[in-house]
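**Student:** just need the structure, nothing else, for what follows:
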Amino acid sequence: MLHSALINVMVKAARHAGRSLKRDLGEVEHLQVSLKGPANFVTMADKRAEELLYADLTKSRPGYGFIGEEGGTREGADKSHTWIVDPLDGTTNFLHGIPQFAISIGLQREGTIIAGVIYNPANDELYIAERGKGAFLNDQRLRVAGRRLLDECVVGCGLPHIGRGDHAQSRLEMTAIQERVAGLRRFGAASLDMAFVAAGRLDGYWERNLQPWDMAAGQIMIREAGGVVSGMAGDDDPLTTGHLICGNEFVHKELVKILKPL
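**Tutor:** Predicted coordinates:
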């Protein structure tokens with residue numbers, strides 16, 4: 001399948017960094033059995049992947065700004081374009097040798113996300129989306145699931161953990177949703193959760209306290225697959241609020257109705 005020059009640049013960078021992460025995952029699996037553990041090694045793997053992405057993306061598009069989870073904001077001469085990058089989304093999964101993690105690359109043009117790539121090197125699943133051109137998984141066109149009744153839906157979520165998030169609010173939300181859906185799932189990598197919504201694997205997904213690099217690529221992925229993405233108010237921008245609800249138009253509307261008042 002032919003892709004635009006922009007998508008080719010993003011895919012090439014993701015696959016390059018992905019090869020590094022896949023090698024590092026093998027090392028993590030060995031380090032798990034040691035007393036020292038793999039935490040420091042994973043930190044270096046994360047930073048190494050971001051530097052590979054930065055080098056490849058800036059070589060192909062010099063002047064674009066770059067926002068990465070590890071290195072923060074790096075200004076570019078071109079103020080209208082910014083890469084928003086998570087070099088290793090699902091770090092805790094990676095740390096434990098769980099093959100549910102991804103590289104996420106979004107491109108923002110004058111405040112709007114115009115392209116996204118999400119790549120899981122562990123299983124070689126490559127999600128791409130470009131504004132007005134659709135969303136794809138390994139060159140197969142994606143559409144969000146068509147279910148309209150929550151009691152038939154499987155919905156993804158985030159869960160706060162030690163030292164992070166509002167645990168009491170999370171329990172309220174979980175209780176409210178559990179009573180209405182066929183199943184809840186927590187996979188541990190926000191970008192892949194959003195990709196799963198775009199692919200129809202999940203009917204919907206919500207999470208609070210995310211960062212732009214968690215959501216940038218996933219946001220355009222869902223919209224190009226026919227879905228709806230917002231913050232908790234239903235019509236706000238998750239990149240601004242940090243809170244996210246997504247699904248097809250019916251599931252999204254029902255999730256907002258339940259979660260907004262909480």
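**Student:** what about residue 23, how many neighbours?
**Tutor:** Residues lying near residue 23 (other C-beta atoms under 10 Å) number 11. Every C-beta, even on glycine, is put in place using the N, C-alpha and C of the backbone.
**Student:** just how off-centre is the strand or helix carrying it within its chain?
**Tutor:** For residue 23, the enclosing helix or strand under DSSP states H and E is helix 5-31. Distance of helix 5-31 from its chain centroid, counting by C-alpha atoms, centre = their mean, to the nearest Å, is 15 Å.
**Student:** mind listing the strands for the stretch 51-200 of the chain?
**Tutor:** Along the stretch 51-200 of the chain, counting by DSSP state E, counting those that start in this stretch, strands occupy 64-68, 72-74, 78-89, 102-109, 112-120, 125-130, 134-137, 140-141, 154-157, 183-185.
**Student:** list the buried residues of the helix holding residue 23.
**Tutor:** Neighbour-count burial for helix 5-31, with 16 or more other C-beta atoms under 10 Å as criterion, is recorded at 7, 9-11, 13-15, 17-18, 20-21, 24-25, 28, 31.
**Student:** report the inter-axis angle for that helix versus strand 78-89.
**Tutor:** Following axes from the mean of the first three to the mean of the last three C-alpha atoms, to 10 degrees, one obtains 30 degrees for the angle between helix 5-31 and strand 78-89.
**Student:** follow-up on the earlier one: closest one to residue 197 among the strands of the stretch 51-200 of the chain?
**Tutor:** Among the strands of the stretch 51-200 of the chain, the nearest to residue 197 by C-beta to C-beta is strand 154-157 (7.2 Å).
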